[in-house]
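> build me a model from this:
(chains A and B)
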Amino acid sequence: MSETLAPEKEATVTVAVMNQLSTAKDVRAESPLHHAELDKLASRNPRAGGVSLRELKLLGHLTLRGSQQNQSFMNGCAEVLGVALPTLPLTSVEKGSVSIRWVSPDEWLVVLPADQAFEVERGLRAAIEGHYQVVNVSGGQTILELSGPNARDVLKKSTVLDVHPSQFPVGKVAGSVFAKSTALVRRSGEDTWELVVRRSFADYIWLWLQDASREYGLVIKH
Amino acid sequence: MLHIYCPHCCELREEEEFHAKGQAHIARPLDPDNCTDAEWGNYVFYRKNPRGLHHEIWYHSTGCRKFFNVTRDTQTYAIKEVYKIGEQPQVVAEG
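Numbers count the residues shown, from 1 in each chain, chains lettered A, B, ... in the order given. The predicted structure is shown next:
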């Protein structure tokens, strides 16, 4: 049951890898919260508040899938990404501008600057042999960063995860229910949390977060 | 609300994060073309409905998105054991 059936001889697979960043100047990129005009909101903010919200927008997101038993996969990822994939459940690693989140025993989410995604994807495809998957999902999700002394209180209203510091140390990653939607929550600092949310739910979660953080005072950062 | 241990995330999570997927260990007839209608019917439609221990498949849908097995007491809702797909249960009903 647990064995993976693979063809005896690997067929040559041709994959079209597209650079999703257009170099044309007249094509503009819009994040899932483009319509919320966070930049304008940021300019007329209250100066102080218990929660700060920032969209870490237009980053490169790569979903990596492969077996931890596949040495070529593990070594290839470590070589190309500059840091080994975290194999402990619910952990993440960060090196420079690249962060890797553990999603499941055979799935990771790599977040990196958008202009590196194409090169890294090509590098991974060149370095890895065997059964694996790399997908650029940059357009499908975005990251919202909550910070401030009351950020944890907002999370407590939104998710069933136990976000007490004893249960959720810095660097931990957990996918869970978030405001009737889902999010991949990562504690990136003492008072800083990152939510990876689906593009189609970004507006709903943005509205939810505004409401949930109203009592603490919400400061939009840009 | 059940508190379920995910064997892949290695921690207890709320039931809300999971979906129940029914009875576990249902073996597909090895030769579907040559099995009887009764065998195929049992495989497709017939499920246990025990009072007591029940082996079930659960899915951690909002977390690691992995399937795993749970042995649960249908009277008390107590979860007796959690084990991965492909493994056999240690806790089984008597008789």
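> buried sites along the lengthiest strand in chain A?
Counting by DSSP state E, the longest strand found in chain A is strand A:181-189. Under the neighbour-count criterion of 16 or more other CB atoms under 10 Å in any protein chain shown, strand A:181-189 has A:181-188 buried. All C-beta spots, glycine's among them, are computed from the backbone N, C-alpha and C.
> distance of the residue nearest to the spatial centre of chain B from chain A?
Centroid-nearest residue in chain B, with CA atoms, centre = their mean: residue B:56, separated by 1.7 Å. Residue B:56 sits 16 Å away from chain A, going by CB to the nearest CB, to the nearest Å.
> can you pull the contacts of that residue?
Contacts for residue B:56 (CB atoms under 8 Å, 6 or more residues apart in numbering or on different chains) come out as B:20-24, B:69-72.
> please enumerate residues in contact with the helix or strand harbouring residue A:207?
Using DSSP states H and E, residue A:207 maps to helix A:199-213. Applying CB under 8 Å, 6+ apart, the contact partners of helix A:199-213 are A:32-33, A:35-36, A:49-51, A:53, A:139-142, A:144, A:146, A:150, A:154, A:157-158, A:178-179, A:181-183, A:195, A:197, A:218.
> about what we covered before: show residues contacting the longest strand of chain A.
Strand A:181-189 is contacted by residues A:92, A:94, A:99, A:101, A:103, A:109, A:145, A:147, A:155, A:159, A:161, A:163, A:168-176, A:178, A:193-198, A:201, A:204-205, B:62 when judged by CB under 8 Å, 6+ apart.
> mind checking which of those residues are in helices?
Of those, the ones assigned to helices by DSSP state H are A:155, A:201, A:204-205.
> closest to residue B:3 out of those?
residue A:155 (19.2 Å; CB to CB).
> related to what we said a few turns ago, only alpha carbons, please: show the longest strand of chain A as CSV.
Extracted in CSV, the C-alpha atoms of strand A:181-189 (Å, rounded to 0.1, in the frame of the first residue of the first chain):
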residue,chain,number,x,y,z
SER,A,181,-10.8,29.3,5.2
THR,A,182,-7.3,27.8,5.5
ALA,A,183,-3.9,29.2,5.9
LEU,A,184,-0.3,28.0,6.4
VAL,A,185,0.8,29.8,9.5
ARG,A,186,4.4,30.4,10.3
ARG,A,187,5.8,32.3,13.3
SER,A,188,8.7,34.2,11.8
GLY,A,189,9.7,36.2,14.8
